[in-house]
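Peer 1: I need the structure of the sequence given here:
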Amino acid sequence: MIVAIDAGHGPATPGKRSPDGTLREYQFNSAVANELQRILSLYKCSTFRTDNKDVDVPLRDRCKKVNDLKADVCVSIHANASGDEWSTAKGIETLIDDDPPTTERYRDSFALALNVQRRLVAATKLRDRGVKQRNDLFILNACKCPTILVEAGFMTSKEEVLLLRSDSYRKLVAKCIAESLIDMYKLKLK
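Peer 2: Numbering: from 1, shown residues only. I've put the predicted structure just below:
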């Protein structure tokens with residue numbers, strides 16, 4: 001079992017920050033990705049990261065790595081935003097590609113997304129924005145394996161940005177994603 005972990009965007013991606021500048025999205029994404037990788041290291045699976053803490057890795061290169069290393073599943077971690085200013089948008093959503101529902105990739109992506117979404121909403125008590133299909137997100141389209149994109153809260157919400165900056169929340173998000181992967185793929189401890 002090979003799990004690709006993508007800390008969405010990069011350290012220098014323009015505009016990906018809270019309105020007050022206290023949080024860059026990559027700070028949250030990479031912290032969750034680090035913890036997810038740590039948890040999964042205890043299980044009989046291998047993981048790799050598609051991002052780089054020092055530079056922005058183009059989406060095309062991230063997806064090529066996922067496909068070249070023949071990942072069985074890819075999880076892309078994000079913090080959501082609604083515009084560039086503070087907004088009332090809140091909650092968690094998990095995105096998948098708009099594959100036809102008859103394909104195995106769709107079924108596996110949807111099952112994992114639903115598992116992650118349910119766990120995150122139950123654990124965080126944040127608004128359930130649901131599992132959604134998108135056809136305009138490159139990572140969901142270009143990765144050949146089942147792929148989900150987790151939006152774990154809004155950095156444009158004054159309440160949720162506090163969570164996104166907190167170490168305990170980051171660990172909770174990683175734990176929920178890890179438990180979903182462990183459950184769905186029946187991963188065993190080493």
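Peer 1: quick one, strands of this protein?
Peer 2: With strands called from DSSP state E, the chain shows them at 2-7, 46-49, 73-80, 92-97, 128-134, 147-154.
Peer 1: Can you check which helix is longest in the chain?
Peer 2: helix 104-124 (DSSP state H).
Peer 1: Can you tell me what sits against that one?
Peer 2: 73, 75, 92-97, 99-101, 126-128, 130-131, 144-148, 150, 152-153, 163, 169, 172-173, 175-177, 179-181, 183-184 (Cβ atoms under 8 Å, 6 or more residues apart in numbering). Where C-beta positions appear, they are placed from N, C-alpha and C, glycine not excepted.
Peer 1: rewinding a little: how about the strands of the chain, which one is nearest residue 15?
Peer 2: Evaluated with Cβ to Cβ, the strands of the chain place strand 73-80 nearest to residue 15, the distance being 12.6 Å.
Peer 1: and that closest one, C-alpha only, in CSV?
Peer 2: Output in CSV follows, covering the C-alpha atoms of strand 73-80 (Å, rounded to 0.1, in the frame of the first residue of the first chain):
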residue,chain,number,x,y,z
VAL,A,73,-4.2,6.6,-3.0
CYS,A,74,-3.5,10.4,-2.8
VAL,A,75,-4.6,12.7,0.0
SER,A,76,-4.3,16.5,-0.6
ILE,A,77,-4.6,18.6,2.5
HIS,A,78,-5.9,22.2,2.4
ALA,A,79,-7.4,25.1,4.3
ASN,A,80,-10.3,26.7,2.6
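Peer 1: in its sheet, what does that strand sit against?
Peer 2: Sheet pairing of strand 73-80 (DSSP bridges) gives strand 2-7 (parallel), strand 147-154 (parallel).
Peer 1: coming back round to it: and the longest helix of the chain, what's buried?
Peer 2: Across helix 104-124, burial judged by 16 or more other Cβ atoms under 10 Å covers 105-106, 108-117, 119-121, 124.
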